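>>> Okay, structure incoming, though there's no sequence with it:
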């Protein structure tokens, strides 16, 4: 197997592992848990931020448009003092939808697609820095997901 | 640039980014902070667990031996009810040493080294699953580091 194919598998596996961990965590949280906090951050805020990143990822990978612009704008301007512009139920639904959209579309990516530029970089920038590719987007997002998994797992442990 | 070289750069950058984040977090923690908790986990426990993983990584990458077998064994048998077998000062030192050892050695890795098998897999297993390579070890460890960064950053935010 060619190294580039192996590298693509590694990154997709890391992403899928994160999604699976999030699924386990989300299914363990009660409605009340969503309103509770870990440290100074509310549980639903952590999930909403990660979901907004997922939603933006769809655009950056060039596989669709942001589903929820309200949530995107909320985090873009970082209005943490305002209530979240989405209910917990809608949030869970959006999380699931964005994961499904990403998984469905990346299945068809060729190796050249993965090592091609993402939508938030110019061709000139990309030619200089070929690591600003779609595979790196998924890699960065899977690290961001691991950060949230760490935070939410602390909350779950503190309940038990 | 060949895709495999690009992929190696991506993973090393993700690793280095995690090490830099940890450096910032560790320099912001007071002696007292190390003894405090976030959720049910003590701050020094989170750092010690990550450090033990770093220390084991040295062995799995085939670049040296575990520095602190006491700490390794502590987490291997998961004796969370016993006190940590290392002082906070020693812990910080071990963290720095393990990061330096890894960074120093991986500088000399060739692409073939990165895509070669790590020490915890047999040749037979590796031939079937070529993604069980050294690059994937660093990739997995950088995700594990992102998990700890998420947890420790919650602690830091809760102080402010």
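Noted; the coordinates are in hand. Since we're looking at a predicted model, the values are computed, not measured.
>>> Can you confirm whether stretch A:81-90 lies near chain B?
No. Applying Cβ under 8 Å from any Cβ of the partner chain, one finds stretch A:81-90 separated from chain B by no less than 14.7 Å. Where you see a C-beta, it was placed from the backbone N, CA and C, and this is true even at glycine.
>>> mean confidence score for that stretch?
Averaged over stretch A:81-90, pLDDT sits at 91.
>>> now stretch A:109-124
97.
>>> distance between the ends of it?
This stretch, stretch A:109-124, spans 23 Å end to end (Cα to Cα, to the nearest Å).
>>> Give me the neighbour count for residue A:117.
For residue A:117, the count of nearby residues is 17 (other Cβ atoms under 10 Å in any protein chain shown).
>>> Quick one: the strands in chain A, in order.
Under the criterion DSSP state E, chain A contains strands at A:37-38, A:41-42.
>>> Return the most buried member of the ones you listed.
Mean neighbour count (mean count of other Cβ atoms under 10 Å in any protein chain shown) peaks for strand A:37-38 among these, with a mean of 20.
>>> coming back round to it: just put the strands of chain A in TSV and tack on distance to residue B:40.
Listed next are the strands of chain A as TSV, based on distance: least, Cβ to Cβ, whole Å:
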stretch	distance to residue B:40
strand A:37-38	10
strand A:41-42	16
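>>> Would you mind putting these into TSV with mean pLDDT and distance to residue A:157 alongside?
Formatted as TSV, the strands of chain A follow (pLDDT from 0 to 100; distance: least, Cβ to Cβ, whole Å):
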stretch	mean pLDDT	distance to residue A:157
strand A:37-38	89	10
strand A:41-42	90	15
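>>> Kindly present the ones you listed as a markdown table, with separate columns for distance to chain B.
Output for the strands of chain A, formatted as a markdown table (distance: least, Cβ to the nearest Cβ, whole Å):
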| stretch | distance to chain B |
| --- | --- |
| strand A:37-38 | 6 |
| strand A:41-42 | 6 |
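>>> tell me the pLDDT at the residue sitting nearest the centre point of chain A?
With distances taken as Cα atoms, centre = their mean, the residue of chain A nearest its centroid is residue A:54 (3.3 Å). Here, the pLDDT recorded for residue A:54 equals 97.
>>> what does stretch A:33-52 rub up against?
Contacts with stretch A:33-52, where a contact means Cβ atoms under 8 Å, 6 or more residues apart in numbering or on different chains, come from A:22, A:26, A:29, A:68, A:71-72, A:74-75, A:80, A:84, A:86, A:88, A:91, A:94-95, A:98, A:144-145, A:148, A:151-152, A:154-155, A:158-159, B:38-39, B:154-155, B:157-158, B:160.
>>> Next to chain B in this structure, residues from chain A, please.
Proximity of chain A to chain B, by Cβ under 8 Å from any Cβ, involves residues A:1, A:3-4, A:6-7, A:9-11, A:13-14, A:17-18, A:38-41, A:111, A:115, A:130-131, A:133, A:135-136, A:139-140, A:142-144, A:146-151, A:153-155, A:157-158, A:160.
>>> if we go to 6 Å?
A:1, A:3-4, A:6-7, A:9-10, A:14, A:38-40, A:115, A:130-131, A:136, A:139, A:143, A:146-147, A:149-151, A:154, A:157-158 (Cβ under 6 Å from any Cβ of the partner chain).
>>> Residue A:74: neighbour count?
Other residues lying near residue A:74 total 20 when counted by other Cβ under 10 Å.
>>> any idea how far the closest residue in space to it that isn't next to it in sequence is from residue B:88?
Distances taken as Cβ to Cβ, 6 or more residues apart in numbering or on different chains put residue A:85 closest to residue A:74, at 5.2 Å, once the chain neighbours are dropped. With distances taken as Cβ to Cβ, to the nearest Å, residue A:85 is found 42 Å from residue B:88.
>>> what do you get for residue A:71?
For residue A:71 relative to residue B:88 (Cβ to Cβ), the value is 40 Å.
>>> the more surrounded of the two?
Neighbour count, other Cβ under 10 Å: between residue A:71 and residue B:88, residue A:71 has more, with 22 against 17.
>>> wait, doesn't the more buried one sit right on residue A:87?
No. With contact defined as Cβ atoms under 6 Å, residue A:71 does not reach residue A:87; the gap is 11.2 Å.
>>> residues near the closest residue to residue A:145 other than its chain neighbours, how many?
The shortest distance from residue A:145 to any non-neighbouring residue, by Cβ to Cβ, 6+ apart, is to residue A:18 (3.8 Å). Using other Cβ under 10 Å, the number of residues around residue A:18 comes to 24.
>>> Tell me who's in contact with residue A:18.
Residue A:18 is in contact with A:142, A:145, A:146, counting by Cβ atoms under 6 Å, 6 or more residues apart in numbering or on different chains.
>>> Which ones among those residues lie within helices?
Among the contacts of residue A:18, the ones falling in helices (DSSP state H) are A:142, A:145, A:146.
>>> for the residues you listed, which one is nearest chain B?
residue A:146 (3.9 Å; Cβ to the nearest Cβ).
>>> ok, so what distance separates the closest residue to the closest one other than its chain neighbours from residue B:22?
Excluding the flanking residues, the one nearest residue A:146 by Cβ to Cβ, 6+ apart is residue B:146, at 3.9 Å. Distance, residue B:146 to residue B:22, by Cβ to Cβ: 10 Å.
>>> Right, I'll call it a day here.
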